[in-house]
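K.L.:
Build me a model:
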Amino acid sequence: MDGATLGLLEGLLVFGGVLGFGVWQLVSVRRSLARDRRRQAEQAANDDAAPDPGAPRKPPP
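P.N.:
A predicted model of the protein is given here:
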């Protein structure tokens with residue numbers, strides 16, 4: 001192989017690695033955001049639910 005072919009091959013490998021890392025991070029961030037939204041929705045639903053009669057009450061301020 002000559003130098004130009006090796007340079008092209010190295011460039012493609014580097015570009016592929018960078019592109020793969022970027023896609024992986026994008027998927028990871030989207031998954032994390034979806035998980036946070038789901039937890040926030042569950043917490044809001046639990047906050048709206050009737051309080052547990054056996055739970056200790058907070059003293060008034």
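K.L.:
what bits of this protein have low per-residue confidence?
P.N.:
Residues of the chain that meet the criterion pLDDT under 70 lie in 49-55.
K.L.:
what's the helix or strand for the residue most central in space within it?
P.N.:
Nearest to the mean C-alpha position of the chain, counting by CA atoms, centre = their mean, stands S32 at 2.2 Å. Element membership for S32, per DSSP states H and E: helix 3-48.
K.L.:
Please state the offset of that helix from the chain centre?
P.N.:
Mean C-alpha position of helix 3-48 versus that of the full chain (CA atoms, centre = their mean, to the nearest Å) differs by 8 Å.
K.L.:
and that helix, what other elements does it pack with?
P.N.:
For helix 3-48, there is no helix or strand it packs on, judged by 3 or more CB pairs under 8 Å, 6 or more residues apart in numbering; DSSP states H and E. The way it works is simple: take the backbone N, C-alpha and C, and place the C-beta from them, glycine included.
K.L.:
Now do the contacts for the residue nearest to the centre of the chain.
P.N.:
By CB atoms under 8 Å, 6 or more residues apart in numbering, the contact list for S32 is empty.
K.L.:
measure it to M1 for me?
P.N.:
S32 sits 42 Å away from M1, going by CB to CB, to the nearest Å.
K.L.:
tally of neighbours for R37?
P.N.:
Under the neighbour criterion other CB atoms under 10 Å, R37 is assigned a count of 10.
K.L.:
can you check V29 too?
P.N.:
10.
K.L.:
can you check D47 too?
P.N.:
If you count neighbours by other CB under 10 Å, D47 ends up with 8.
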